[in-house]
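**Student:** here's a sequence, model it:
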Amino acid sequence: MPRILITGTSGQLGFELQRALCLFGELRCPGRQQLNLASRQAVLAWLDAERPEVIVNAAAYTAVDKAESEADLAHAINAAAPGAMAEWAAANDALLLHYSTDYVFDGSGETAWREDDSAKPLSVYGHSKWQGEQAVRAAGARYFILRTSWVAGVHGNNFAKAMLRLAASKDQLRVVNDQFGTPTPASLLADVSAQLLARTLANDEQPYGTYHVATQGCTSWYHYAEYVIGLAREAGWPLTLPGDGLQPIPSADYPQLALRPAYSVLDCHKLQQAFGLQLPSWQQGIHQLFATLDAARRG
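**Tutor:** Numbers count the residues shown, from 1 in each chain. Predicted coordinates for the structure are as follows:
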């Protein structure tokens, strides 16, 4: 069975990838103490020692606002590290799965973004992820770059869990209503990754490249919060937030250090056509996520 490196296993995607990929090979899941992704030399040394046949890079510097003042660290983890992985994969005939973000786009217009649209990141975080994509493509390895958006999982921190926590302790919430995207469960992204890996292990002649992976549809942060909190009300969660306690606001009323794309919906037709996959609506995805959270709360 192949040796499979999964980075970022303490995060919400890495957690799900361990579940989804455990049957495909012998997993190697080093923590930060074992693998320093901020050091290119450390990455290459670890790969030389462990020699994985598959590299699944779910690690990333994701503190979008903090990255504005930590550009070097964001670049090291989001660009230099995947570049080193891709170069090693090319030299050792390994497969690389790497994950990127809707934040590589500037969010202009109201048309879903395709894989070949021009990247114009607005933030240090988005720029570092775009540099990582470019480094992976330039290395000449077999790779899949999976761009996704608004990831939410059972494990780790995310917007959905934050809204549920705040709705149980606040009597008013103000949420931005002029930024649009698509919430994507980490479990869905991991399952798609498993599909791509299974097909590659069965037949090496795959259409490698960059693909968008997200649920279908579009929503704002405000309507996303409204939907999640509505599910909690229906399930009988003890909320302190009254029915009129959720208020929509413009981005200007919630200033942040890093600019966010106003419209970052991803067009996923390329993935669906190439691999015959059907992606659920964002409501279905979040409903499934909530059902898991609700079951855990009830014990």
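**Student:** going forward, measure contacts between C-alpha atoms and count neighbours the same way
**Tutor:** Fine.
**Student:** quick one, helices of this structure?
**Tutor:** 12-21, 40-50, 71-75, 81-92, 124-139, 159-167, 186-202, 221-234, 269-275, 282-298 (DSSP state H).
**Student:** need these in CSV (columns: mean neighbour count).
**Tutor:** Below are those laid out as CSV (neighbours: other CA atoms under 10 Å):
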stretch, mean neighbour count
helix 12-21, 21
helix 40-50, 15
helix 71-75, 19
helix 81-92, 23
helix 124-139, 23
helix 159-167, 18
helix 186-202, 18
helix 221-234, 19
helix 269-275, 15
helix 282-298, 16
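**Student:** quick one: closest of those helices to residue 244.
**Tutor:** Of all the helices of the chain, helix 221-234 sits nearest to residue 244, with 10.5 Å by CA to CA.
**Student:** helices and strands around that closest one, which ones?
**Tutor:** Helix 221-234 is packed against helix 159-167, strand 173-176, strand 246-249, helix 282-298, with contacts defined by 3 or more CA pairs under 8 Å, 6 or more residues apart in numbering; DSSP states H and E.
**Student:** try 7 Å
**Tutor:** Applying 3 or more CA pairs under 7 Å, 6 or more residues apart in numbering; DSSP states H and E, one finds that helix 221-234 makes contact with helix 159-167, strand 173-176.
**Student:** can I get that helix in PDB? Just the C-alpha atoms.
**Tutor:** Provided in PDB are the C-alpha atoms of helix 221-234 (Å, rounded to 0.1, in the frame of the first residue of the first chain):
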ATOM      1  CA  TRP A 221     -22.400  35.500   5.400                       C
ATOM      2  CA  TYR A 222     -25.700  36.900   6.800                       C
ATOM      3  CA  HIS A 223     -28.000  34.300   5.100                       C
ATOM      4  CA  TYR A 224     -25.500  31.600   6.000                       C
ATOM      5  CA  ALA A 225     -25.700  32.500   9.600                       C
ATOM      6  CA  GLU A 226     -29.500  32.800   9.400                       C
ATOM      7  CA  TYR A 227     -29.700  29.200   7.900                       C
ATOM      8  CA  VAL A 228     -27.500  27.700  10.600                       C
ATOM      9  CA  ILE A 229     -29.200  29.400  13.500                       C
ATOM     10  CA  GLY A 230     -32.600  28.400  12.000                       C
ATOM     11  CA  LEU A 231     -31.500  24.700  12.100                       C
ATOM     12  CA  ALA A 232     -30.500  25.100  15.700                       C
ATOM     13  CA  ARG A 233     -33.900  26.600  16.600                       C
ATOM     14  CA  GLU A 234     -35.700  23.800  14.900                       C
END
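**Student:** give me the angle between that helix and helix 159-167.
**Tutor:** Between helix 221-234 and helix 159-167, the angle comes out at 60 degrees (axes from the mean of the first three to the mean of the last three CA atoms, to 10 degrees).
**Student:** touching helix 221-234 from outside, list them.
**Tutor:** 160, 163, 164, 175, 176, 177, 179, 180, 248 (CA atoms under 7 Å, 6 or more residues apart in numbering).
**Student:** right, I'll call it a day here.
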